[in-house]
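> Sequence plus the predicted model coming up.
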Amino acid sequence: MKCPVTITVNGSAHARDVEPRLLLAHFLRETLGLTGTNLGCDTSQCGSCTVLLDGAAVKSCTVLAVQADGCQVTTVEGLAKDGKLHPLQDAFWEKHGLQCGFCTPGMLMNAVDLLKRNPKPTEAEIRHGIDGNLCRCTGYQNIVASIAHAATQMAGGK
Amino acid sequence: MVNSPSQRTVIGQRLRRPDAPDKVKGTALYIEDLDFAGSLWGGVLRSPHAHARIRKLDTARARGVPGVRAVITAKEIPGRNVIPMVQSDWPVLAQDFVRHVGEGVAVVAADTREALAEGLAAVQVEYEPLPALLDMEEALAAGEVMARYKVRRGEASVALTRSDLIVVEGTYQTPYQEHAYIEPNGMIAAPDGTGGVVVHGSMQCPFYVQKGVASALGLDLNRVRIVQTVTGGGFGGKEDAPSAPGAHAALLAMATGRPVRLILTREEDMAVMSKRHPARVQVKLGATRHGHLIAAEIDYLLDGGAYATLSPVVLFRGTVHACGPYRVPNVKVESRVVRTHKVPCGAFRGFGEPQVVFAFEAALDELAERLGQDPLVLRLKNALQIGDETITGHRLSESVGFREVLEQVAAASDWKRKREEYARERGTVRRGVGLAACYYGVGLGAMGKHLNPAGANVVVAGDGSVTVAVGTTEIGQGMVTVLTQIAAESLGCPPDAVRVMEADTSRVPDSGPTVASRTTVMSGNAIRDAAAKIRAAMEPVIADSGLPWREAVALCVQKQIGLAAHGWAVPPATTFDLATGQGEAYVCYSFSANVVEVEVDTETGETRVKGVWSGHDVGRVVNPTLGEGQVEGGVVQGLGYALTEEHALRDGRILNDQFSTYIIPTPLDVPEIKSVLVESPFPWGPYGAKGLGETPIIAVAPAVVAAIHHAARIRLYTLPATPERVWDAIRALPPPGEAASG
């Protein structure tokens, strides 16, 4: 049995018939070919698969595609606009907020949500904000610095 | 301008990572992101038993499952059923016996995930369970020794009986540690259409995977091409272990004539891939009343698991570094790694040092207390300097920045004041600071000489862009950035003209593994060798023309100068005698010391890390941002080892095989890490550089445990220092007023 869904991903509407058990993560990666969203575990612990669902950060391995029917999804591929990196993407490059890069898409999407809710976070608030995302390379220090840097850049306007 | 050597400025710069834009855009292609037309799903049927005889293995039903394209067991392997590593004991697939939970028994390829699951379930195996050796002491008693080493220097046993020495003794236990790279292992193999195979995958050591695949398929090495994909972390876990999934995927691809993707789940990866060896270390350490180390006896035991993989080499490194970066005139080290019916342990950042360094440094902290000396003063008093000998009798003639490292981390952390002030704390939550140090032989050393050389192919195109191919890998640590800087510096071109390629066995000769903090030194020197040849060809043409790089290249092209070269680096010769454990174990050493500050809640046993000051003598810092990144990441991995990370096993099965039950540090668990990078140049290293990948993790746990002692007056002999262990130790303290022992 397949269910029809229409999910808007990075601004484009996609109508598909999907198995009810299909995870949003697999819908993005395998149905749409958007492989920027990474899968590091299947238990919603690592946070690599974090995307925005109607603007809020969710772990896309914990959401079924059918639950996202009619919703807006933003993935890491949707962050840059007209070839220009999002300030968070630029900050992760500038401040060395990544090493292997596998956790980076999830970190970025979580940080987008964090800065939308709290545009001027303290270091402690940043650490709380990304606590659901694991990184094994960086010790988190430069991830925190990157998000703080992006917040400053975004507050300064374009 | 084509820079002359005196004008060169790329080394030491904070060049931004060339690979970061793809990683922030989501366009970097990890193994699971690759899509090969017509590819099949591959999977492994794994043993549920720690030790059993395979009485029957029937694949007929599995082959009949719709969508199943191949089922392979040991008897269908066309080549040798061996993954070559240090010893030839590691089978591609179990034959007649299984020797650990999770060992591969059969591999299956199918059209869909569902058909694969059905196919795996339809393989019929009858096991006859056998008694399993699950304890390393029992394995030792049973004589199941895979490898043993020793160090003999002076007369340790005699010296330790001297009546003028203060002697401390202890037995230390360390747990399994999981690499916990965020990207699980995975491989995609495809027939190349000419009788060979191409394997793409997440890995550190393409040439290891090449040998494993060639052995299993019975092919020449030139029929097996291995391409590393963007790799989501390694830490040693993608050194030896990936050869197994590489061989499994390649077997299925050749049997089906189709590409086969074999991506491990997180649970599978944690349950069956390699880990840091659990260890038991006995230390007996004696010093004069003035604090001069006189003698040490160390008995070091590692649990190797079912197959040797890299265990002998891991043990060797731990053995020769057993007494840390100190002068100890009388030393006896006995070390053994034993075979048990558990998952094979292998390479992990630090490579046999974290276990024995934890024990030795903890004993040294206890010795300082017995002597009534500051732990920093005791270490400074015994610190290796130029002209001193290591415990293997290696006289150090250059690049020993250990004293500076100790002094600088002490100053940066305000050690002396905190040491005095925190000792007076009496509240429920108490602060403490602890210190520990280590050194690390750079490169493969006496046990890995045959793998030591590394190559580079450098090609300058007509437009001045430069392609650099090396055999070592970018696994997140920043190799591409550092080698871009070294290539730019040695060619005299702008860094943005350089592209360092992903590792591919068809591009360079076997350049050994990406391990042992050797990449900057070995691939860096190979690039310098190639660049020197290209510069030598260019000089007669460009002479003193002062032309910018791209114009200089254009002129050389016009004059038909070949602008490509192969570089090869072979480290200086060393000698080592395994019978005595004396000689030059490694070509040079990186030095490190950490100060850790903690708060211990004496009512709950919880430890919070409040600060880490981590110092490293790295020879020359090629890129400070990347260097600090290595330190921060390594220290945090060390904090996990110190405080939370361990595996629980039942009947040889790992029970905590998920991130929900195997607890690595989160952003809330760790403080800011202050890196201190000291430069004591290593003349043979590229621009003086030594390795930095591993020192950051090694001396973290003993510094944490020393800080816990400073805060709560308890000695811990077992890692990790969980709240339960801390609480138990606090409860075991004599009531205030009674004399505390040890």
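It's in.

> you'd agree B:Glu645 is up against B:Thr661?
No: assessed by C-beta atoms under 8 Å, B:Glu645 is found out of contact with B:Thr661, at 11.1 Å. C-betas here are computed from N, CA, C, even on glycine.

> ok, those two, which is more surrounded?
B:Glu645 (24 against 14; other C-beta atoms under 10 Å in any protein chain shown).

> helix or strand for the nearest residue to B:Ala253 once chain neighbours are set aside, which one?
Nearest residue to B:Ala253 in three dimensions, chain neighbours excluded: B:Ala189, at 3.9 Å (C-beta to C-beta, 6 or more residues apart in numbering or on different chains). Assessed by DSSP states H and E, B:Ala189 sits inside strand B:186-191.

> what residues are up against the residue nearest the centre of chain A?
A centroid search over chain A (C-alpha atoms, centre = their mean) returns A:Met109, at 2.7 Å, as the residue closest to the centre. Contacts for A:Met109 (C-beta atoms under 8 Å, 6 or more residues apart in numbering or on different chains) come out as A:50-52, A:57, A:74-76, A:79.

> filter those residues down to the ones close to chain B.
The subset of those lying close to chain B, counting by C-beta under 8 Å from any C-beta of the partner chain, consists of A:75-76, A:79.

> helix or strand right after the host helix or strand of B:Val541?
Element membership for B:Val541 (DSSP H and E) is helix B:519-542. Downstream of helix B:519-542, the next assigned helix or strand under DSSP H and E is helix B:549-558.

> Please could you give me each C-alpha atom of that following helix, formatted as PDB?
Provided in PDB are the C-alpha atoms of helix B:549-558 (Å, rounded to 0.1, in the frame of the first residue of the first chain):
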ATOM      1  CA  TRP B 549      53.600  31.400 -11.200                       C
ATOM      2  CA  ARG B 550      51.100  30.900 -14.000                       C
ATOM      3  CA  GLU B 551      53.300  32.900 -16.500                       C
ATOM      4  CA  ALA B 552      56.400  31.000 -15.400                       C
ATOM      5  CA  VAL B 553      54.600  27.700 -16.100                       C
ATOM      6  CA  ALA B 554      53.400  28.900 -19.500                       C
ATOM      7  CA  LEU B 555      57.000  29.800 -20.400                       C
ATOM      8  CA  CYS B 556      58.100  26.300 -19.300                       C
ATOM      9  CA  VAL B 557      55.400  24.700 -21.400                       C
ATOM     10  CA  GLN B 558      56.400  26.700 -24.400                       C
END
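
> and the stretch 101-250 of chain B, which of its residues are near chain A?
Going by C-beta under 8 Å from any C-beta, the residues of the stretch 101-250 of chain B near chain A are B:179-184, B:230-235.

> mind redoing it with 7 Å?
With C-beta under 7 Å from any C-beta of the partner chain as the criterion, the stretch 101-250 of chain B meets chain A at residues B:180-183, B:231-233.

> With the stretch 451-600 of chain B instead?
Going by C-beta under 7 Å from any C-beta, the residues of the stretch 451-600 of chain B near chain A are B:475-478.

> okay, those in TSV with pLDDT, secondary structure and neighbour count next?
Shown next, in TSV, are these (pLDDT from 0 to 100; DSSP: H, G, I helix; E, B strand; the rest coil; neighbours: other C-beta atoms under 10 Å in any protein chain shown):
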residue	pLDDT	secondary structure	neighbour count
B:Ile475	97	coil	29
B:Gly476	97	coil	30
B:Gln477	96	coil	27
B:Gly478	97	coil	28
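
> before we move on, the earlier item: ok, the contacts of A:Met109 vs B:Met522, which is closest?
Distance ranking of the contacts of A:Met109 against B:Met522, using C-beta to C-beta, places A:Val76 first at 34.4 Å.

> can you tell me the residue of chain A closest to chain B?
In chain A, the residue that lies nearest chain B is A:Gly36 (2.1 Å; C-beta to the nearest C-beta).

> Now do the contacts for B:Ala503.
B:206, B:228, B:470-473 (C-beta atoms under 7 Å, 6 or more residues apart in numbering or on different chains).

> Next: A:Glu77.
Contact analysis of A:Glu77 by C-beta under 7 Å, 6+ apart lists A:10, A:34, A:36, B:26.
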